[in-house]
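Student: give me a 3D structure for the following:
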Amino acid sequence: MRRASLFAILLASLSGTASSQADELRVFTSGAPSVAQQAIAQADGRKIHFTVAMPGILVKRLTAGEQADIIVAPEQALDALEKAGKLIHGSRIPVARVGVGVAIRPGAPRPDIGTVETLRATLLAAPSIVFPDPAQPGSVAGKSIVRMLDQLGIASAVAPKTTYKQAIAGGVEMVARGEAAIGLFNISEILPIKDVTLAGPLPKDVQSYVTFAAAIMTGSSSEPIAKAYILGLTAPAAHKHWEAAGLEAFSKKP
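Tutor: Residues are numbered from 1 along each chain as shown. Modelled structure (predicted):
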């Protein structure tokens, strides 16, 4: 049987009460993997209620007792929820990863970021830079960018011209409005924004990845549907949606 839409096949096999529960599936997700998930759900004809927020906020809300069926977020965020006993044991699956890219305004001269040395020169020459606040809870990309700047030896040089702002809170839009010449964000958070161009990914030697995983929350009333949803995220048919959103998809091992 072709696995054209594993999520749809599994959902079709569930009937009665499970079918009514499917309409109430609640997915908490961080910003980077949200676009691909919405496309996957739309392709399968499912109505999913998505709550999109920064990882630290998701963890805080869920730890405080807010209810959800599924969490899709960076591995580090799921580590915290697992320690708090909020995830169903064995339900956690890596679904995709994303690297950091450079955002510029369309029509702006494309910066040379092909090597570590040219990236270093580009960042030193840029009049203004924006990237996620590394002090924000769950800001995996922000922390990795700070490490990269330290590795390049330019952290103190670029600090006076740097603004900290999460992508989901309008950081990429600062580049679109001309308030920052260069933005450093997860590639998946650059591609959906109008009036911004992806200049390219960071060079391999200084690139870092955020791995996103999905898991079922304890107390979910839609566990069979949640399992089907997560399997659908790793099905071959889902890969094109992850790639279109700027992420590299993972496939679940048989």
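
Student: just the strands in the protein please.
Tutor: 26-29, 49-52, 70-74, 93-104, 129-131, 162-164, 182-186, 197-201, 209-216, 248-249 (DSSP state E).

Student: how close does the residue lying closest to Gln67 once chain neighbours are set aside get to Ile88?
Tutor: Of all residues not flanking Gln67 in the chain, Gly219 sits nearest, at 6.2 Å (CB to CB, 6 or more residues apart in numbering). Backbone N, C-alpha and C define where each C-beta goes, glycine included. Distance, Gly219 to Ile88, using CB to CB, to the nearest Å: 9 Å.

Student: chain center to the helix of greatest length in the chain: distance?
Tutor: Secondary structure of the chain per DSSP state H: the longest helix is helix 140-152. How far helix 140-152 lies from its chain's middle: 17 Å, per CA atoms, centre = their mean, to the nearest Å.

Student: the strands of the chain: which one's closest to Thr234?
Tutor: Closest approach to Thr234 among the strands of the chain (CB to CB): strand 93-104, 5.8 Å.

Student: quick one: buried residues of that closest one?
Tutor: Ile93, Pro94, Val95, Ala96, Arg97, Val98, Gly99, Val100, Gly101, Val102, Ala103, Ile104 (16 or more other CB atoms under 10 Å).

Student: what's the angle between it and strand 197-201?
Tutor: Going by axes from the mean of the first three to the mean of the last three CA atoms, to 10 degrees, strand 93-104 is angled at 120 degrees with respect to strand 197-201.

Student: I'd like to check which residues are in contact with the closest residue in space to Tyr164 that isn't next to it in sequence.
Tutor: Spatial nearest neighbour of Tyr164, chain neighbours left out: Asp133 (3.6 Å); criterion: CB to CB, 6+ apart. Asp133 makes contacts with Ser139, Gly142, Tyr164, Lys165, Gln166, as judged by CB atoms under 8 Å, 6 or more residues apart in numbering.

Student: could you rerun that using 6 Å?
Tutor: The contact partners of Asp133, by CB atoms under 6 Å, 6 or more residues apart in numbering, come to Ser139, Gly142, Tyr164.

Student: just send those back as JSON lines, with neighbour count too.
Tutor: Below are the contacts of Asp133 laid out as JSON lines (neighbours: other CB atoms under 10 Å):
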{"residue": "Ser139", "neighbour count": "22"}
{"residue": "Gly142", "neighbour count": "23"}
{"residue": "Tyr164", "neighbour count": "17"}
